[in-house]
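Q: Dropping a prediction and its sequence here:
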Amino acid sequence: MPTRRAAERFQYDEKVSAVLLATHVSSKRMLPQLLTLQPKGQTAIEQAPVGTDRWVFGLKGTVDIAVGDQRYTLPAGQSLYFKADQPHRFRNMTRSVAKCLSVTTPVVL
């Protein structure tokens, strides 16, 4: 039977954090996480190894996502799927907190 433990939190900086929604992620096939972006918060540009996919679902507020040369606006209730081996970044350009669920496969830390 799986055990529940306190979620692991990763702080990108003072305006962006991620909570890992699974334990022992290095032995899993996907990495589910809850991203929280404070107003004007943004992640660094990320680029995963070739063959990595990422799915994002907006939970609260609006997140702007840059994937390669494309720009997407992700409001609550909408999702985006992309190849994570392209350079990508998440931004919250609003004055309210934004949250999204992100699942990356395979696991990339």
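A: Here it is on my side, so go on. Residues are numbered from 1 along each chain as shown.
Q: rest of the way, CA atoms for contacts and neighbours
A: Noted.
Q: so where do the helices sit in the protein?
A: Assigned by DSSP state H, the chain shows no helices.
Q: What ranges does it have for its strands?
A: All strands of the chain, identified by DSSP state E, fall at 8-13, 16-20, 31-37, 53-60, 62-67, 70-75, 79-83, 88-91, 98-105.
Q: Can you tell me how far the nearest residue in space to Ile65 that is not next to it in sequence is from Ser26?
A: Nearest residue to Ile65, sequence neighbours excluded (C-alpha to C-alpha, 6 or more residues apart in numbering): Phe90, at 4.7 Å. Note on Phe90: its distance to Ser26, by C-alpha to C-alpha, to the nearest Å, is 23 Å.
Q: so what's the residue nearest to Ile65 up against?
A: Gln42, Thr43, Ala44, Val63, Asp64, Ile65, Ala66 (C-alpha atoms under 8 Å, 6 or more residues apart in numbering).
Q: I'd like the residues you listed as a markdown table, with distance to Tyr72, pLDDT and neighbour count appended.
A: What follows is these, written out as a markdown table (distance: C-alpha to C-alpha, whole Å; pLDDT from 0 to 100; neighbours: other C-alpha atoms under 10 Å):
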| residue | distance to Tyr72 | pLDDT | neighbour count |
| --- | --- | --- | --- |
| Gln42 | 14 | 97 | 22 |
| Thr43 | 15 | 96 | 18 |
| Ala44 | 17 | 95 | 13 |
| Val63 | 8 | 98 | 28 |
| Asp64 | 6 | 98 | 18 |
| Ile65 | 5 | 99 | 20 |
| Ala66 | 6 | 99 | 17 |
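Q: Name the nearest of these relative to Gly77.
A: Of all those, Gly77 sits closest to Val63, with 11.4 Å by C-alpha to C-alpha.
Q: Show me what stretch 60-69 is in contact with.
A: With C-alpha under 8 Å, 6+ apart, stretch 60-69 has contacts from 71-76, 82, 86-94, 96-100.
Q: again, only this time at 10 Å
A: 36-37, 39, 41-43, 45-47, 56-57, 71-78, 80, 82-101 (C-alpha atoms under 10 Å, 6 or more residues apart in numbering).
Q: again, but for stretch 76-86
A: Here stretch 76-86 has contacts from 45-63, 65-69, 72-74, 88, 98-105, 108, using C-alpha under 10 Å, 6+ apart.
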